[in-house]
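> this is the structure alone, sequence omitted:
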C-alpha cells in the first residue's frame, strides 16, 4: 500500500492520496477529465438515489435534453453567454478523414464536413431546455413544470483538481417554470433547503445557506443562493446553488402563458444544481491521515466483517458465521461485505477497509465465535467494543448513528473554532495571511469594494447568510455604512 501524505505536510497532496488509496477516481488521457472508479461511482449513485427520491417527493420528474446546444441559443441571453463564453467547448465538424503526414497516418477534421451552425457542448442546459419549454407552455394549466435532469456537462477549466474542478463533471440540474414570481422564489428557496438537508443530514457537512452577491450571481439569474461548507484547511467550498431566474430566460426564448383571465405574460423560472464537486467536499470534510472517512448514510458499504482463522476448519466455521451475520444485518443497516480473502493478514485487511472509508468493521475469530460475539470497531475514532450476536443488529444500528452524528459534530466544531467576527481591515488581512477561516464582517454592499478585497487578499464573500447580523456598522474595507455582516473566506 502506498503511503498517504499527512494533512499537516501537504493538504493538496493528502487529498489526492486519499482519492487514490480509496480507489475513487484517477486521471484520464483527456485534460481535466477523470475516470470515476466503481468505489467512487457507488457513492455518486447513493447521492443520486437520495436526491432523486427527495425531488420526486416534491413533485419533480426527470427528463433528458441534448448534450449539444446550437451556438445561436447561447447568444439569446446576453448575461448567460457572457458568463460561460470562456468555458465553452465547440463542435465544428461532423466527420474525420485519414491523411498521411511525414509517412504516418493520422486523422483530421474533414473540411467538407464543417457544420453550418456550430454546437456548444453543454456547460449547463438552460438554453436548450427553455427552447423546449416554449413549445410545451401555452396556458396556466401547463404550469408549473418541475423537471430535473441527471447529466454530464463540460466547462473548459484552466486549473483542474479531481472532483473539485474538472472539465467534465456529472450533476443534476433542475429547471422549473412558474406562473408567478412568488412561486418561482418559493421553488428556489425550497430547493436550497433540500440541498441544506442533504449536506447536513446525509453527508454530515454543516453548511451556511444564503444569497450570493451580484458579482457571484449565476449568469442570467435575478438571485443566486448557495450553501457554503468549510473544509479541514479552513477554506470554503460552494456545495450547491439555487437560482431565481425571474423572467430572463422566458423573455429570451419567448416562453409565454395565458392566465385564467386571458392575460398573456412570460413565465417565471428557476434552476438549481449539485455536482460531483460535492464528493470533493465529502472527502475533504471528514477524511483523515489514514484515508477516506464516510458518513454511514452515504457510504456504499456500511459494514465490513473480517473473519480471522489459522486453519481450514476455523476458516469454515468463522466464514460461515460471518455470512450468516451479514445476511441478518443487511436488511437492517444496508450493504454488509464479508472479506473472506485467503492469504491476507487481518491487519492488512483492516488497513485497506480503513482507507476505503467503510464506517464500521466487525472482527470475528475463533475466540469470538466461542463467545458468541464480534469485536466492533468504528472507522472514524477507532473505538472498539465486543458485541454479542443476539444484540448485534441493534448495536450496529446505534453505532452507525453515533458515527453519523460524531462526524457532523466534529465538522461543526471545526467550523465554529475557525470562525471569527472581525471589524478592522488590519485584523482581516492578518487572518488571511495566517490560518484563514470564516470571517463575519461588515460590508457596504458595493461590488467595487468587493472586487478590491478579492484582489488584495484572494478572499471572497461566500454569501449573505439568511441569519446574518444586520446590526449597523462600517464596512471592514472601505468604512462606508454596512448592509450587515457577510461571510468572507478563501475558497476552492
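Arrived safely. Because the structure is a prediction, the values reported are computed rather than measured.

> return the distance of stretch 124-133 from the chain's centre.
Distance of stretch 124-133 from its chain centroid, counting by C-alpha atoms, centre = their mean, to the nearest Å, is 23 Å.

> ok, stretch 312-328 next?
Using C-alpha atoms, centre = their mean, the offset of stretch 312-328 from its chain centre is 38 Å.

> before we move on, what about stretch 421-431?
With C-alpha atoms, centre = their mean, you get 30 Å for stretch 421-431.

> any idea how far residue 97 is from the residue lying farthest from the centre of the chain?
Using C-alpha atoms, centre = their mean, the residue of the chain lying farthest from its centre is residue 103. It sits 48.0 Å away. Per C-beta to C-beta, to the nearest Å, residue 103 is found 17 Å from residue 97. Bear in mind the C-beta positions are built from the backbone N, C-alpha and C, glycine included.

> would you mind giving the domain segments of this protein?
The chain breaks down into these domains under automatic domain parsing: 11-88+124-286, 303-405, 419-489.

> output these in a markdown table; the columns should cover distance to residue 293.
Shown next, in a markdown table, are those (distance: least, C-beta to C-beta, whole Å):
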| stretch | distance to residue 293 |
| --- | --- |
| domain 11-88+124-286 | 4 |
| domain 303-405 | 5 |
| domain 419-489 | 22 |
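
> out of those domains, which is closest to residue 4?
Comparing the domains of the chain by their distance to residue 4 (C-beta to C-beta), the top pick is domain 11-88+124-286, with 4.4 Å.

> between the two ends of that closest one, how far is it?
13 Å (C-alpha to C-alpha, to the nearest Å).

> now it: how far from the chain's centre is it?
Relative to the mean C-alpha coordinate of its chain, domain 11-88+124-286 is positioned 10 Å out (C-alpha atoms, centre = their mean).

> and for the residue nearest to residue 66 when sequence neighbours are not counted, the neighbour number?
Computed as C-beta to C-beta, 6 or more residues apart in numbering, the closest residue to residue 66 that is not its neighbour in sequence is residue 128, at 5.8 Å. Number of residues near residue 128 (other C-beta atoms under 10 Å) recorded here: 20.

> show me the contact partners of the strand or helix carrying residue 421.
For residue 421, the host element (DSSP states H and E) is strand 419-422. Residues outside strand 419-422 that contact it (C-beta atoms under 8 Å, 6 or more residues apart in numbering) are 230, 428, 431, 437, 438, 439, 440, 441, 476, 485.

> next structured bit after that strand?
helix 425-433.

> contacts for that following helix, please.
With C-beta under 8 Å, 6+ apart, helix 425-433 has contacts from 420, 422, 437, 439, 441, 456-459, 476-477, 488, 490.

> same question, stretch 472-481
Applying C-beta under 8 Å, 6+ apart, the contact partners of stretch 472-481 are 422-425, 428, 441-444, 446, 449, 452-453, 482, 484-485.

> returning to that earlier point: now, among the contacts of strand 419-422, which is nearest to residue 140?
Taking those together and measuring to residue 140 by C-beta to C-beta, the closest member is residue 485, at 41.4 Å.

> need the pLDDT of the closest one.
pLDDT for residue 485: 98.

> so what pLDDT did the residue nearest to the spatial centre of the chain get?
The centre of the chain sits closest to residue 278, judged by C-alpha atoms, centre = their mean, with a distance of 1.6 Å. pLDDT recorded at residue 278 is 99.

> which among the contacts of stretch 472-481 end up buried?
Taking 16 or more other C-beta atoms under 10 Å as the criterion, what is buried in these is 422, 425, 428, 441-444, 446, 449, 453, 482, 484-485.

> all good on my end, thank you.
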